[in-house]
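> give me a 3D structure for the following:
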Amino acid sequence: MKKITIVGLAAITAAALLFAACQKKAPAAAAADPNAPVTLTVWCWDPTNNIYGMNKAGEIYKRDHANVTVNVVETPWDDVQQKLITSLSAKQTANLPDIVLIQDNAIQKNVGTYPDAFLPVNGKVDLSKFAKFKLDVGNVNGKNYGVPFDNGATGTFLRRDIVEKAGLKVEDFNNITWERFIELGKIVKDKTGVTMVSTVANSPAYLMIGLQSAGSWFFKEDGSLYIKDNPVLLRSLEIMRDMINAGVLTLVADWNAYIATINNGTVAATIQGCWIMGSIVAETSQSGNWAMVSTPRFATIPESVNYSSQGGSGWVTLASSKNPDVALDFLDKTFAGSVELYEAVLPRGMVATWSPAVASPLYSQPNDFFGGQKIYSDLMGYAEKIPQVKYGVFNYEARDAVARAMTDILQGKTIAESLELADKNVSFLIGQ
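This is a model prediction of the structure:
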């Protein structure tokens with residue numbers, strides 16, 4: 001029995017040695033092919049600006065990375081947000097893109113709600129040359145998740161020919177109060193029959209422009225709700241109501257109708273983020289008739305200034321991406337590394353916050369469409385003076401509640417009771 005055991009052990013040992021030898025001779029697994037085809041899928045909206053910019057970035061990156069193709073899927077912002085929530089809540093990420101464009105005031109909410117769904121870019125993308133105010137909106141717990149794209153600095157974009165027909169000058173609208181803006185708007189309407197500005201009926205855009213101009217928001221710095229007792233919000237609503245009652249502001253059904261009022265001369269101006277220039281210059285017949293001045297401020301609120309922000313967005317990479325390193329390298333080499341890219345999108349109103357692009361000679365050139373005004377230099381000056389606010393995790397819940405309050409006010413409810421209801425509804429939703 002002992003003899004059989006020894007023989008058996010010898011056989012086992014020999015087999016083990018043979019197996020080990022075979023393992024050593026087996027070829028190593030092939031390394032991943034760095035030149036294998038890669039497709040980066042991107043969700044974003046607006047063919048004139050964002051989609052154009054992303055496609056241009058894809059072209060630039062492909063010159064040195066022939067195997068990488070950027071596939072842009074046009075996705076309206078509301079759909080982007082809804083699809084992200086649906087997929088991430090269900091933990092079904094197979095159909096999500098590699099990169100998604102997220103509005104500045106929603107980045108913190110998305111990352112805060114789904115902290116494992118998005119990749120921080122620190123150490124992968126050089127953020128050192130971006131304006132601080134654009135980096136702050138994408139910072140969560142000390143990490144940056146958004147690669148900034150467009151600048152949301154606001155301006156008052158005016159039809160020079162219309163205001164001059166009313167006996168006014170462009171300069172009359174610069175560095176003024178909302179109260180004075182209403183007075184001037186009445187003159188334009190009386191003299192020309194043209195309404196001063198328009199907005200989508202259920203949009204709180206003017207309210208948000210007013211809030212940020214005074215360094216205020218729907219929430220305080222500590223995250224507590226700031227709606228019913230917010231004096232800036234109260235005054236913003238009063239101004240909007242007064243503009244409508246005075247015939248200075250007209251409400252339209254949707255975004256397409258809003259753009260139409262700008263392009264067909266229904267209004268004499270628009271107060272909006274500078275990205276609106278892409279839609280303004282699309283109507284080439286109006287070249288030379290436009291100008292830009294600063295945003296109105298509140299006469300009764302000392303903190304209010306003639307500078308604000310509306311819109312703006314950043315590129316965010318999904319953790320579910322099959323090619324995260326490629327996605328981050330792509331963003332680093334283009335939106336954080338290509339002056340050419342920013343020069344290409346500049347005529348469409350996509351003003352950079354990346355300092356090497358701002359140093360481009362294009363930023364100091366007169367713009368013929370805007371009557372020879374050095375509009376990009378002016379916008380960069382505006383951007384430096386925008387008060388910063390913390391949008392918070394529940395920004396959209398608060399925004400939607402205030403938009404409903406605005407509708408109630410226009411239907412006859414008092415501002416106080418409408419804000420009281422909005423405050424109560426948001427408190428319930430967020431548990432405060």
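
> now do the strands in the stretch 101-250 of the chain.
139-140, 143-144, 147-148, 154-159, 197-200, 249-252 (DSSP state E, counting those that start in this stretch).

> those strands: lowest mean pLDDT?
Lowest mean pLDDT within these: strand 139-140, at a mean of 89.

> distance to L331 added to the strands of the stretch 101-250 of the chain, as a markdown table?
All C-beta atoms are positioned from the backbone trio N, CA, C, and that covers glycine. Formatted as a markdown table, the strands of the stretch 101-250 of the chain follow (distance: least, Cβ to Cβ, whole Å):
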| stretch | distance to L331 |
| --- | --- |
| strand 139-140 | 16 |
| strand 143-144 | 12 |
| strand 147-148 | 5 |
| strand 154-159 | 26 |
| strand 197-200 | 31 |
| strand 249-252 | 36 |
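
> V125 versus the nearest residue to P120 once chain neighbours are set aside, what's the distance?
Counting by Cβ to Cβ, 6 or more residues apart in numbering, P120 lies nearest to K143, which is 4.0 Å off, once chain neighbours are set aside. Per Cβ to Cβ, to the nearest Å, K143 is found 12 Å from V125.

> looking at the two, which is more packed in?
Using other Cβ atoms under 10 Å as the criterion, K143 and V125 rank with V125 on top: 23 against 15.

> my guess is the more buried one contacts P148. True?
No: counting by Cβ atoms under 8 Å, V125 stays clear of P148, with 10.2 Å between them.

> quick one, what contacts the residue nearest the centre of the chain?
With distances taken as Cα atoms, centre = their mean, S313 lies nearest the centre of the chain, 2.1 Å away. By Cβ atoms under 8 Å, 6 or more residues apart in numbering, the residues touching S313 are N50, L101, I102, Q103, D104, F149, D150.

> show me which of those is closest to V358.
Each of those was checked against V358 using Cβ to Cβ; the closest is D150, at 13.0 Å.

> mind checking how far the closest residue to that closest one other than its chain neighbours is from N50?
Distance criterion Cβ to Cβ, 6+ apart; nearest residue to D150, sequence neighbours excluded, is M350 at 4.7 Å. According to Cβ to Cβ, M350 and N50 sit 8 Å apart.

> who touches both of the two?
Common neighbours of M350 and N50 (Cβ under 8 Å, 6+ apart) are F149, D150.

> which non-adjacent residue is nearest V194?
A268 (4.9 Å).

> what's the burial count for that neighbour?
Here the number of neighbours of A268 (other Cβ under 10 Å) works out to 27.

> contact partners for T48?
Counting by Cβ under 8 Å, 6+ apart, T48 has contacts G278, S279, A282, R348.

> and it, helix, strand or coil?
helix (DSSP: H, G, I helix; E, B strand; the rest coil).

> just I271 next, same as before
strand.

> what number of residues are in the vicinity of it?
I271 - counted by other Cβ under 10 Å - has 27 other residues nearby.

> who's in contact with it?
T154, G155, T156, F157, V197, Y206, I209, T295, P296.

> of those, which is the most crowded?
Going by other Cβ under 10 Å, T154 tops the contacts of I271 with 31 neighbours.

> from P296, how far off is it?
T154 sits 10 Å away from P296, going by Cβ to Cβ.

> and the helix or strand where L379 lies, which residues are buried?
Per DSSP states H and E: L379 is located in helix 375-383. Buried residues in helix 375-383, counted by 16 or more other Cβ atoms under 10 Å: I375, Y376, D378, L379, M380, Y382, A383.

> can you give me the pLDDT of Q432?
As predicted, Q432 sits at a pLDDT of 69.

> I meant to write L17 there.
For L17, pLDDT reads 40.

> list the contacts of the nearest residue to V137 once chain neighbours are set aside.
Closest residue to V137 apart from its sequence neighbours, by Cβ to Cβ, 6+ apart: D104 at 4.2 Å. For D104, the contacting residues are K134, V137, G138, G146, G152, S309, G311, G312, S313, G314, Y391, by Cβ under 8 Å, 6+ apart.

> hmm, back to that, what's the helix holding L379 packed up against?
The helices and strands touching helix 375-383, judged by 3 or more Cβ pairs under 8 Å, 6 or more residues apart in numbering; DSSP states H and E, are strand 154-159, strand 290-293.

> turn those strands into TSV, including distance to A336.
Formatted as TSV, those follow (distance: least, Cβ to Cβ, whole Å):
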stretch	distance to A336
strand 154-159	24
strand 290-293	27
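
> figure out which of the ones you listed is closest to N174.
Closest approach to N174 among the helices and strands packed on helix 375-383 (Cβ to Cβ): strand 290-293, 3.8 Å.

> partners of the helix or strand following the closest one, with directions?
Next along the chain after strand 290-293, taking DSSP H and E as the criterion, comes strand 313-317. Take DSSP bridges as the rule and strand 313-317 pairs in its sheet with strand 99-103 (antiparallel), strand 147-148 (antiparallel).

> and the last one, how far out from the chain middle?
Spelled out, it's strand 147-148. 9 Å (Cα atoms, centre = their mean, to the nearest Å).

> contact partners of that strand?
121, 125, 127, 130-131, 134-135, 138, 312, 314-316, 331, 335-336, 353-354.

> how about low-confidence regions in this structure?
For the chain, the stretches with pLDDT under 70 are 1-32, 432.

> do you know which of the strands of the stretch 101-250 of the chain lies nearest S360?
Of those, nearest to S360 by Cβ to Cβ is strand 147-148, at 16.5 Å.

> for the strand or helix carrying L419, name the packing helices and strands.
According to DSSP H and E, L419 maps onto helix 415-430. Judged by 3+ Cβ pairs under 8 Å, 6+ apart, helix 415-430 is in contact with helix 231-245, helix 395-410.

> okay, the ones you listed in a markdown table with distance to V358 and mean neighbour count next?
Formatted as a markdown table, those follow (distance: least, Cβ to Cβ, whole Å; neighbours: other Cβ atoms under 10 Å):
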| stretch | distance to V358 | mean neighbour count |
| --- | --- | --- |
| helix 231-245 | 30 | 19 |
| helix 395-410 | 28 | 20 |
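
> so can I have TSV of these showing distance to W43?
Below are the helices and strands packed on helix 415-430 laid out as TSV (distance: least, Cβ to Cβ, whole Å):
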stretch	distance to W43
helix 231-245	32
helix 395-410	18
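
> quick one, which of these is nearest to E179?
helix 231-245 (7.8 Å).
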